Structures are given as C-alpha cells and as structure tokens.
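> let's see this in three dimensions:
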Amino acid sequence: MIYTVTLNPSIDLVVNVPSFQLNGLNRMQKEQKFPGGKGINVSRVLSRLGAETTALGFIGGFTGAFIRDTLHEEGIGTDFIRVDGDSRINIKLKTEDGETEINGQGPSISEEQIALLREKLNALAEGDVLVLAGSIPRSLPAGLYEDLTGILSPRGVKVVVDASGEALGKVIAHRPFLIKPNHHELGELFGVTLTNAMEILPYGHQLLEQGARHVIVSMAGAGALLFAEEGTYQATVPQGKVINSVGAGDSLVAGFLSTYVRTGDLLESFRCGIAAGSATAFSSDLCTKNQVEQLLPQVKIKPVVHPIDLGAI
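Alright, predicted model coming up:
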C-alpha cells in the first residue's frame, strides 16, 4: 500500500477573471475546486494510474469534509485526523495578466493529534510506501519528517520525502527510499546555484553518499537526473506547451511509485515519472493514465558514466 501524508491540506479554488479590477467588482468567468496539497496530489495521480493508495493528514470543518468526500468519489482511501477549525482554502486567481495565489494558514494541530498521526504511521509494515510531501507547518515539530523516516525506514518501509530546505536535509541520513529535489532545491541544500546537469552531478552523488537510496533531480524543460546505487541516468522530457506547473512534481513521484510497486523496474519507473510530470504540466488538471501513456514513448533515458555523457539523447 502507498500512503501519503499531507500535513496542511487545502481546497484549491481556481478562479478565472478576464480583467481584474482592483477595488472594484469582479465577476468570475470560471471557477474550479480541487482537494489540494502535495501528498493529496500524489494520491490522486496514483489512483488515476491504477495504484492503491490511502491519504492521511489533518482535516477540519466543511472544507475538510469537501477534501475527504472528493477523494472518496475518486476511489481514494483516506484516514485523516479530524481537528478543530477549517482546512484552508488556497485561491489561485487567473487573469489576462498572469496568476496570483492567496494561500490560507490552516487549523492548529495539537500534540495529541500529532501523536495520533504517529500512531497510525507506526502500523506501517515492511514493503509499505510512505510519501511525506510538502512543507511542515509552523505549529508542528520541525523535525517531524526526520523522526518518521528514522523510525520507519529501518523497518523496511519505503519512505519518500518531497520537501525542501531543512525538512529535506535532515532526513537524508535516515536512508529514505526516494527524495526528489528540483535543481533549485538541491542548490539550496548545499548553498550553491545550479544551472545545468553537469553542475548537479557531484551533489546528486553526495546525497547518495549521505544516505539517500534514490534521488531524482528535476530540471523543468531540461529533463531530469536519477541517482541510484545501480547508476546515474539522464531523462529527456516530452515536448509540449506548459499550461500548469502545479502538481507536476507530485505527478512525477506518483508515476515513479505506481510503476515501481508493480514492477520493481527502476528505469521504467523513472520513465513513467517523467511522463506523468510532463502530462500534468501540459494539462489544466492532474494527469490521466491515457495522457501518461501517450507521452511515455517520448521519454528517452541513458546512463551517465562520465560528465561527457550528458547532453542530447
């Protein structure tokens, strides 16, 4: 089973206003509501790709009920912890001039509720997959991902961490199964600026030496690199028009895991991850299985034995 944790879920309210008038009346041309949060995105794509998944985290109020009910309608299992207050609403205002985001704060989480989450995750067994995705809210312990990875990874749980900064850096020594920084987040970890694959190579290898079992570094339109004990690999991304980058990284994680739990094939999992991330980027919503399958033949992977191997595939 693949479990995902979203500590601060949301309703993502996407509003289209053709010409936004500040301090005036604006009428929506179109609106959409989705359950949001990185872990929830991973679960939604996993379900669309045919993988069994359960979403965990904290929800509250009428907004939390919407998140839970929508996931159930999509056939996704949930085991959320109810909290006081309402789950947040994140507004994405799309106008002819661009996109503006207004994110809510979310409810406060008590120590008892954190303990309940730990109790649920302690029940995971060898072979289970746990995805810890997104930032850690200020009201929660900053070392939560580190603690969970340190407890569960030695038990044989495949822990996947998709976070940035300190939350990511502290889990690496605990042997996470997969981490997925983009090149900006990787540079932040090491205090450097990374602009191309050749510059990324030594830092990806360092993450393996520090404990990560698999590392995927995404570089947007420039492709991605996979670092693993089996070797280092470079993947191209399909060509297409980027419509929406929100959820592309989450889709990459879901595409990788959906194939890995079914086949154990590392490179095919990498290929599916790249196709899923691209399919979401080329769509106004998260990718579908059909969209991923259409892009798969365009994803080319080659081994990187020496920096000279980097480049066009």
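> use CA for all of it now, contacts and neighbours both
Fine.
> which residues of the stretch 201-313 of the chain fall in helices?
248-263, 266-281, 289-295 (DSSP state H, counting those that start in this stretch).
> wait, which of the ones you listed is closest to residue 237?
Among the helices of the stretch 201-313 of the chain, the nearest to residue 237 by CA to CA is helix 266-281 (6.5 Å).
> spatially central, which residue of the protein would that be?
residue 250 (2.9 Å; CA atoms, centre = their mean).
> tell me the phi and psi of residue 135?
Note on residue 135: backbone dihedrals following degrees, to the nearest 10 are phi -80, psi 160.
> residues near it, how many?
Counted with other CA atoms under 10 Å, residues neighbouring residue 135 total 20.
> who's in contact with the nearest residue to it once chain neighbours are set aside?
Closest residue in space to residue 135, ignoring its immediate chain neighbours: residue 163 at 6.0 Å, by CA to CA, 6 or more residues apart in numbering. By CA atoms under 8 Å, 6 or more residues apart in numbering, the residues touching residue 163 are 132, 133, 134, 135, 180, 181.
> and with 7 Å instead?
By CA atoms under 7 Å, 6 or more residues apart in numbering, the contact list for residue 163 reads 133, 134, 135.
> cool, residue 43 as well?
Contacts of residue 43 by CA under 7 Å, 6+ apart are 4, 53, 55.
> and the second one, bridged to which residues?
Under the criterion DSSP bridges, residue 53 forms beta bridges with residue 2.
> ok, now how distant is it from residue 94?
Counting by CA to CA, to the nearest Å, the gap between residue 53 and residue 94 amounts to 31 Å.
> so for the two, which residue has more residues nearby?
residue 53 (23 against 20).
> I'd say that one and residue 2 touch.
Yes. Using CA atoms under 7 Å, residue 53 is in contact with residue 2, at 4.8 Å.
> and the pLDDT for residue 24?
What the model reports as pLDDT for residue 24 is 87.
> what helix or strand does residue 69 sit in?
Using DSSP states H and E, residue 69 falls within helix 61-73.
> oh sorry, the question was meant for residue 46
helix 38-48.
> burial check on residue 288, number of neighbours?
18.
> who's in contact with it?
Here residue 288 is in contact with residue 48 (criterion: CA under 7 Å, 6+ apart).
> name the helices or strands packed onto the helix or strand bottoming out on mean pLDDT in the chain?
Ranking every helix and strand in the chain by mean pLDDT, DSSP states H and E puts strand 98-102 at the bottom, with a mean of 84. Applying 3 or more CA pairs under 7 Å, 6 or more residues apart in numbering; DSSP states H and E, one finds that strand 98-102 contacts strand 88-95.
> okay, now the sheet partners of the strand it packs on, with direction.
strand 10-16 (parallel), strand 98-102 (antiparallel).
> now do it against helix 61-73, angle only.
80 degrees (axes from the mean of the first three to the mean of the last three CA atoms, to 10 degrees).
> thinking again about what came up before, for the least confident helix or strand of the chain, give me every contacting residue.
90, 91, 92, 93, 94.
> same question for stretch 3-16.
28-40, 43, 53-59, 63, 67, 87-95, 106, 129-134, 136.
> now with 6 Å?
If you take CA atoms under 6 Å, 6 or more residues apart in numbering as the criterion, stretch 3-16 is touched by 28-37, 39, 53-58, 87-94, 130-132.
> same question for stretch 60-76.
So stretch 60-76 is contacted by 35, 82, 83, 84, 85, 86, 87 (CA under 6 Å, 6+ apart).
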